[in-house]
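Asks: Provided below are the primary sequence and the corresponding predicted coordinates.
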Amino acid sequence: MNPLVIIGGGASGAITALNLRKLLPKAPPILVIEPRKQLGLGLAYSTQCLEHRINVPASKMSAVRLDPTDFARWLAEHDDGALAEAEDRYPSRALFGHYLADRLAPYVLEGTVVHVRDRVEHVEGSGPFTLTTARGDQIVAARVVIATSHPAPALPAFLAQSPRVIENPWADKALEAIGADERVAIIGTGLSMADVIATLSARGHRAPVLAFSRRGLRSRGHASAPSSPFGVYGAERATRLLAQIRENIAQSGDWHAVIDAVRQQGYAIWSQLAPAERRRVVRHLRPFWDVHRFRIAPQIEATLNAQIAENRLEILAARLEGVAPDGTLMLRERGGKRRHWVADRVINTTGPDHRGLLQKTSFLQDLAQAGLIAPDPSGLGVHTDHDYRAVGQKSLFIIGPLARGTFGELMGFPEITAHAELGAASIVRTLTGEGFIQ
Ligand SMILES: Cc1cc2nc3c(=O)[nH]c(=O)nc-3n(C[C@H](O)[C@H](O)[C@H](O)COP(=O)(O)OP(=O)(O)OC[C@H]3O[C@@H](n4cnc5c(N)ncnc54)[C@H](O)[C@@H]3O)c2cc1C
């Protein structure tokens with residue numbers, strides 16, 4: 001029988017595999033096609049820079065939905081004990097990646113999860129599917145789970161050819177060539193910008209850095225003391241939802257607690273909004289949601305604050321209008337004022353290019369051209385049904401951030417853990433109903 005194949009072995013793909021294995025201990029091996037060396041790490045946790053930290057407390061970063069202390073226990077077993085004592089610490093993402101790979105390792109060792117270290121380039125068929133990999137191998141799959149997540153960031157066309165530009169700061173050794181005295185401009189002011197500052201700082205960078213984005217919004221920090229989620233949310237209209245959030249912040253005086261509650265109730269809130277209202281949320285509220293929901297680890301926040309205080313880092317609300325050959329950036333500040341800034345290096349931290357998803361990824365393009373997948377109406381990934389399948393497809397499942405248009409907030413690890421676990425259970429139900437497994 002042809003196997004079930006998961007494309008993408010980051011956190012979403014790995015936790016799906018882990019749960020499929022737990023639910024189906026006797027089923028044939030599951031193949032996970034993932035070019036990285038280990039399963040589980042993906043983009044977020046494969047960094048080797050120890051300054052890059054998890055941005056959610058360790059006590060909430062568990063690969064097991066109903067066992068929030070799983071990571072903390074792993075830390076206690078593998079660390080010198082210092083980290084495990086403090087539940088609310090923010091260890092390096094590399095360490096967290098090690099934990100995820102470790103949780104999957106027994107299945108990989110016994111051969112019930114097979115890591116195919118390759119990249120899927122093309123897909124043909126509609127079940128069974130023939131997958132062609134970058135190495136030219138062909139794998140026939142009875143069912144496919146797509147867990148490839150974020151598409152690569154996009155650059156403005158006028159920057160694409162510039163030798164000064166570092167398009168992908170996550171690429172291996174991408175920041176190593178930057179000299180300590182080179183002036184650096186960063187496009188984007190969110191968590192990826194913060195990671196870049198942390199790396200540069202650890203490498204002894206001394207020259208001025210300018211980070212800019214349209215609104216110049218920085219990711220907010222964590223609360224000084226833990227609080228419980230506050231309020232109940234849900235409305236048919238985006239404006240009403242916003243009003244509920246504001247009312248509850250005024251009442252509790254604690255935006256952390258309100259945003260935590262909104263995050264917890266994300267699926268129910270998203271389900272109540274009509275498609276047009278979802279698009280309004282994405283267009284108008286998402287930038288504000290992102291900086292309050294994706295919080296910065298205290299260690300990195302301290303680095304940023306110190307650099308701002310020393311006038312080495314400036315964060316600006318501006319958009320880039322052009323770049324002169326000598327590296328001068330032509331910026332338009334939010335109030336309309338023009339500003340020129342000379343940069344030796346320009347680093348792109350604009351985040352995933354969700355709009356270009358189906359055009360940029362060759363195998364997704366194949367599936368779209370064959371009419372098997374379509375963009376989600378809110379522009380947040382692939383149109384997915386509530387059984388975790390591409391809409392109208394029996395054999396094609398979507399797990400992870402690509403399913404956000406249907407399931408709502410799905411970027412953070414805690415949400416991904418729950419989603420992948422429930423998704424695996426749904427896949428098992430579907431396959432059992434179809435007689436694919438007994
Ligand atoms: C830099 C960064 C830091 C983050 N830090 C945190 C954090 O501290 N806490 C938190 O809660 N969330 C964090 N997140 C959010 C993060 O999205 C989730 O925690 C989670 O890691 C997402 O996993 P994923 O598997 O969905 O995506 P990814 O990690 O992007 O994994 C997708 C995988 O698919 C593979 N792939 C892509 N195309 C193909 C193909 N054609 N064939 C085969 N494989 C393919 C890729 O190699 C990749 O490994 C962070 C995100 C980023 C980008």
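Replies: Nice, thanks for sending it over.
Asks: for residue 254, see how far away the closest residue to residue 281 other than its chain neighbours is.
Replies: The shortest distance from residue 281 to any non-neighbouring residue, by CB to CB, 6 or more residues apart in numbering, is to residue 238 (4.9 Å). Bear in mind the C-beta positions are built from the backbone N, C-alpha and C, glycine included. According to CB to CB, to the nearest Å, residue 238 and residue 254 sit 23 Å apart.
Asks: the two: which has the busier surroundings?
Replies: residue 238 (20 against 16; other CB atoms under 10 Å).
Asks: how near is that one to residue 277?
Replies: For residue 238, the distance to residue 277 - CB to CB - is 5 Å.
Asks: repeat for residue 48
Replies: In terms of CB to CB, residue 48 sits 42 Å off from residue 277.
Asks: between these two, which has more neighbouring residues?
Replies: Under the criterion of other CB under 10 Å, the comparison of residue 48 against residue 277 puts residue 277 first, with 19 against 11.
Asks: mean confidence score for the one helix or strand that one maps to?
Replies: For residue 277, the host element (DSSP states H and E) is helix 275-280. For helix 275-280, mean pLDDT is 92.
Asks: what's the following helix or strand after that helix?
Replies: Next element after helix 275-280 (DSSP H and E): helix 286-293.
Asks: restrict that next one to CA atoms and write it as PDB.
Replies: Taking Å, rounded to 0.1, in the frame of the first residue of the first chain, the C-alpha atoms of helix 286-293 are listed here in PDB:
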ATOM      1  CA  ARG A 286      -3.400  42.400  12.100                       C
ATOM      2  CA  PRO A 287      -0.300  44.700  12.500                       C
ATOM      3  CA  PHE A 288      -1.500  45.600  16.000                       C
ATOM      4  CA  TRP A 289      -2.400  42.000  16.800                       C
ATOM      5  CA  ASP A 290       1.000  40.800  15.700                       C
ATOM      6  CA  VAL A 291       3.000  43.100  18.000                       C
ATOM      7  CA  HIS A 292       0.800  42.400  21.100                       C
ATOM      8  CA  ARG A 293       0.400  38.700  20.500                       C
END
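Asks: pLDDT weak spots in the stretch 51-200 of the chain?
Replies: Counting by pLDDT under 70, the stretch 51-200 of the chain contains low-confidence ranges at 80-88.
Asks: again, 80 this time
Replies: Flagging of the stretch 51-200 of the chain using pLDDT under 80 yields the residue ranges 79-89, 150-154, 156-158, 160-161, 172.
Asks: for stretch 414-431, which residues meet the burial criterion?
Replies: 415-424, 426-428, 430-431 (16 or more other CB atoms under 10 Å).
Asks: correct me if wrong: residue 393 contacts residue 371.
Replies: No. The criterion here is CB atoms under 8 Å, and residue 393 misses it with residue 371 at 9.8 Å.
Asks: the more surrounded of those two?
Replies: Shown here are residue 393 and residue 371; by other CB under 10 Å, residue 393 has more neighbours (18 against 10).
Asks: next one: phi and psi at that one?
Replies: phi -110, psi 140 (degrees, to the nearest 10).
Asks: next one, pLDDT for it please.
Replies: In this model, residue 393 carries a pLDDT of 95.
Asks: so the residue nearest to it when sequence neighbours are not counted, which state does it fall into?
Replies: Once flanking residues are discounted, residue 393 sits nearest to residue 372: 5.8 Å by CB to CB, 6+ apart. Here residue 372 is recorded as coil under DSSP: H, G, I helix; E, B strand; the rest coil.
Asks: residue 361 - nearest residue in space that isn't next to it in sequence?
Replies: Excluding its sequence neighbours, the residue lying closest to residue 361 (CB to CB, 6+ apart) is residue 151, at 6.2 Å.
Asks: that neighbour: how many residues sit nearby?
Replies: Neighbour tally, residue 151, other CB under 10 Å: 19.
Asks: check for me that it belongs to a helix.
Replies: No. Assessed with three-state DSSP, residue 151 is coil; it does not lie in a helix.
Asks: who's in contact with it?
Replies: 352-354, 356-357, 360-361 (CB atoms under 8 Å, 6 or more residues apart in numbering).
Asks: now with 10 Å?
Replies: By CB atoms under 10 Å, 6 or more residues apart in numbering, the residues touching residue 151 are 352-361, 364, 381, 402.
Asks: pick out the most distant pair among those.
Replies: 359 and 402 (14.5 Å; CB to CB).
Asks: between those two, which has more neighbouring residues?
Replies: Between residue 359 and residue 402, residue 402 has the larger neighbour count (other CB under 10 Å), namely 28 against 13.
Asks: how about that one, phi and psi?
Replies: Dihedral angles for residue 402 - degrees, to the nearest 10 - are phi -70, psi -20.
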